[in-house]
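turn this into a structure:
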Amino acid sequence: MTVVSGYLKKHTEALVKDVGIEAACALTGKSKATLGRYYSDNPEHTDRFMPIDAVAALENAASFPHVTSALADLKGISLSYNESRKNDDDKGGINSDVIALSQRFAMLMAEYNQSIEDGIITINEAKRLLKETLALQQVLIDMKLHLEEEAT
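This is a model prediction of the structure:
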């Protein structure tokens with residue numbers, strides 16, 4: 001099995017386990033055995049991969065797009081996953097963006113300060129820093145869109 005195949009199968013398994021095997025069966029119309037073959041590392045199942053429509057159905061129900069993220073990683077593409085859903089349309093404008101930017105940056109620096117306190121950034125600390133960095137990136141994207149909107 002190639003490294004790419006193993007990587008995709010590992011993420012396929014994570015997707016199925018995220019949704020739950022019973023729910024995955026119901027969503028895809030596949031049996032437990034069939035789903036198991038999609039992420040099995042047995043040589044006889046090396047060339048079996050989950051169909052894209054099944055991946056889409058499962059990722060819609062999952063907490064994270066495991067397979068899509070893995071495919072992006074393999075291609076060197078960075079995805080930004082934003083699970084937050086705002087209650088309003090956020091028409092506060094550039095002033096609100098500047099406030100949100102400073103708050104997010106402060107949160108990132110606080111997380112960094114806590115993470116580096118012992119001189120080592122653990123995997124979990126790195127994940128929290130990444131989450132804060134992505135949130136800061138989203139604020140910058142929103143700010144850019146508001147500025148472009150005001151410029152037209």
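
buried residues of the helix or strand hosting residue 33, list them for me.
Assigned by DSSP states H and E, residue 33 falls within helix 32-39. Across helix 32-39, burial judged by 16 or more other C-beta atoms under 10 Å covers 35, 37-39. Bear in mind the C-beta positions are built from the backbone N, C-alpha and C, glycine included.

then stretch 138-152?
Result for stretch 138-152 [16+ other C-beta under 10 Å]: buried residues 139, 142-143, 146.

mean confidence for stretch 145-152?
The average pLDDT within stretch 145-152 is 84.

using PDB, list the CA coordinates for it.
Extracted C-alpha coordinates of stretch 145-152, given in PDB (Å, rounded to 0.1, in the frame of the first residue of the first chain):
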ATOM      1  CA  LEU A 145     -14.300  42.100   2.500                       C
ATOM      2  CA  HIS A 146     -15.700  45.100   4.400                       C
ATOM      3  CA  LEU A 147     -12.900  47.400   3.100                       C
ATOM      4  CA  GLU A 148     -13.600  46.200  -0.500                       C
ATOM      5  CA  GLU A 149     -17.300  46.800   0.000                       C
ATOM      6  CA  GLU A 150     -16.700  50.300   1.300                       C
ATOM      7  CA  ALA A 151     -14.200  51.100  -1.600                       C
ATOM      8  CA  THR A 152     -16.900  50.400  -4.300                       C
END
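
assign a three-state SS to residue 120, would you?
coil (DSSP: H, G, I helix; E, B strand; the rest coil).

confidence score at it?
90.

count residues in the vicinity of it, would you?
8 (other C-beta atoms under 10 Å).

kindly report the same for residue 29.
10.

which strands or helices does the helix holding residue 33 pack on?
Applying 3 or more C-beta pairs under 8 Å, 6 or more residues apart in numbering; DSSP states H and E, we find helix 32-39 packed against helix 3-19, helix 21-28.

these: lowest mean pLDDT?
helix 3-19 - the lowest mean pLDDT of the helices and strands packed on helix 32-39, at a mean of 93.
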